[in-house]
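Peer 1: Give the three-dimensional model of this entry:
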Amino acid sequence: MSKKTKIYVCTEGKKCPKKGSKAVAAALHTAVAALSADDQERIAVKECKCLDLCKKGPSIVVAPEKVRYGRVTAGDAVAIVNAHLNGGEPLTRLQKKRFSNER
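Peer 2: Reported below is the predicted structural model:
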């Protein structure tokens, strides 16, 4: 059994909510809800505090891969779900570098 994929969306930080992160979270919830029941079981959208991408917000992190996306719009949510979560390839135009403590 594979690990559940979690999409963390900064909706409680200082900057991301002002830049539209709540709309991004809503769009991600809608995009995941449109998937098959099996896919819905393996993907969860989690609203959270700061993801340390404040200047590039709204930001999201897809785990367990720890892929970071910045300047995400509600319209990008469907593209991320389709490309990354269904297609297996990160959406490179929004992808940001890895966490600073990783190699």
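Peer 1: The lengthiest helix in the chain: how far from the chain's middle?
Peer 2: Longest helix of the chain, by residue count under DSSP state H: helix 21-33. A distance of 9 Å separates the centroid of the chain from that of helix 21-33, by C-alpha atoms, centre = their mean, to the nearest Å.
Peer 1: Which stretches in this structure count as helices?
Peer 2: 21-33, 37-42, 74-80.
Peer 1: Take those and write them to CSV, including mean pLDDT.
Peer 2: Formatted as CSV, the helices of the chain follow (pLDDT from 0 to 100):
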stretch, mean pLDDT
helix 21-33, 97
helix 37-42, 92
helix 74-80, 93
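Peer 1: out of those helices, deepest packed?
Peer 2: helix 21-33 (a mean of 20; mean count of other C-beta atoms under 10 Å). Any C-beta I mention is one placed from the backbone N, CA and C, and that applies to glycine too.
Peer 1: Can you tell me what sits against it?
Peer 2: The contact list for helix 21-33, computed with C-beta atoms under 8 Å, 6 or more residues apart in numbering, reads 7, 9-11, 13, 39-40, 43-45, 47, 57-60, 72-78, 80-82.
Peer 1: The most centrally placed residue in the chain and residue 38, how far apart?
Peer 2: The C-alpha lying nearest the average C-alpha coordinate of the chain belongs to residue 60 (C-alpha atoms, centre = their mean; 3.7 Å). Distance from residue 60 to residue 38, counting by C-beta to C-beta, to the nearest Å: 22 Å.
Peer 1: show me the contacts for the closest residue to residue 67 other than its chain neighbours.
Peer 2: Excluding its sequence neighbours, the residue lying closest to residue 67 (C-beta to C-beta, 6 or more residues apart in numbering) is residue 90, at 4.9 Å. Going by C-beta under 8 Å, 6+ apart, residue 90 touches 62, 65, 67, 83, 84.
Peer 1: what's residue 90 sitting at in phi/psi?
Peer 2: phi -60, psi 150 (degrees, to the nearest 10).
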